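Undergrad: my questions are about this predicted structure, shown below with the sequence.
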Amino acid sequence: MSCILHIETSTKPCSVAVSQDGAVIYHIEDMNGPSHATVLGSFVEQAASFADSHAIPLDAVAVSSGPGSYTGLRIGVSTAKGLCYSRDLKLLSIPTLKLLCVPLLLGREELPDDALLCPMIDARRMEVYTALYNRALKPVVDVQSMVVDNHCFERHLNEHPVYFFGNGSDKCKELIQHPNARFISGIHPLAKHMMPLAERANAMQEYQDVAYFEPFYLKEFQATVPKPLL
């Protein structure tokens, strides 16, 4: 096993955790953001200091790689890269939509064997970043940007119970009225839930190139002109 520092900044919460030998031994989070640029540096310093004070050498940094907030992802990945360079650590990339599934798979809900998991991240207006996974986190529908309507995942809902969650799922509650639709509230991508995915990636040596790794934005960033001050 190994010791991994985890960074999650893809949506409104900002969180950092440390895991060792398959258990989370430290975590800190701010749910009141987005304030990643303000708090992330301090969170990472506190987490690294915790590991140092307990004589636990870090082996890798895991970062939530998107999709999600363009600014949040850039801040998280830049911080992860800096830590990897300064301490000569490996970099692990954790898909944000898979990360959102972890709390359900850890037993928060009793899931039927044929259940499908549909994490959703708000992409503004009626659009979400989403995918569809089975309980083994094998993709049934690949990651995509989707405009929500009352026919979303209709074919899959006819055959399986589908669990919708994440900060984009609220857009679907009034539109998706299928009896097989289940909506789970209060699930956010958090660093303390990254451990199972990061441990697997580390065991498989699925390391990223620290110099060239970029977040998975899914859509190109579009700069806007600020409104004139009155």
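TA: That came through, no problem. Given the structure is predicted, the values throughout are model-derived calculations rather than measurements.

Undergrad: my guess is Glu199 is in a helix, correct?
TA: Yes. Residue state for Glu199 (DSSP: H, G, I helix; E, B strand; the rest coil) corresponds to a helix.

Undergrad: my guess is it meets Gln20, correct?
TA: No. Using C-beta atoms under 8 Å, Glu199 makes no contact with Gln20, being 10.3 Å away. Quick note: C-beta positions are derived from backbone N, CA and C, even for glycine.

Undergrad: what pLDDT does the residue most central in space within the chain get?
TA: The residue lying closest to the centre of the chain (C-alpha atoms, centre = their mean) is Thr96, at 2.8 Å. As predicted, Thr96 sits at a pLDDT of 98.

Undergrad: and it, how far from Val77?
TA: Using C-beta to C-beta, to the nearest Å, Thr96 is found at 12 Å from Val77.

Undergrad: repeat that for Gln208.
TA: Taking C-beta to C-beta, one finds Gln208 at 9 Å from Val77.

Undergrad: those two: which has the busier surroundings?
TA: Val77 (24 against 20; other C-beta atoms under 10 Å).

Undergrad: you'd agree that one is in a strand?
TA: No. With three-state DSSP as the criterion, Val77 is helix rather than part of a strand.

Undergrad: so what's it closest to, chain neighbours aside?
TA: Spatial nearest neighbour of Val77, chain neighbours left out: Pro215 (5.0 Å); criterion: C-beta to C-beta, 6 or more residues apart in numbering.

Undergrad: measure that neighbour to Val128 for me?
TA: 18 Å.

Undergrad: could you check which of these two has the larger neighbour count?
TA: The neighbour count for Pro215 versus Val128, taken as other C-beta under 10 Å, is higher for Val128 (27 against 24).
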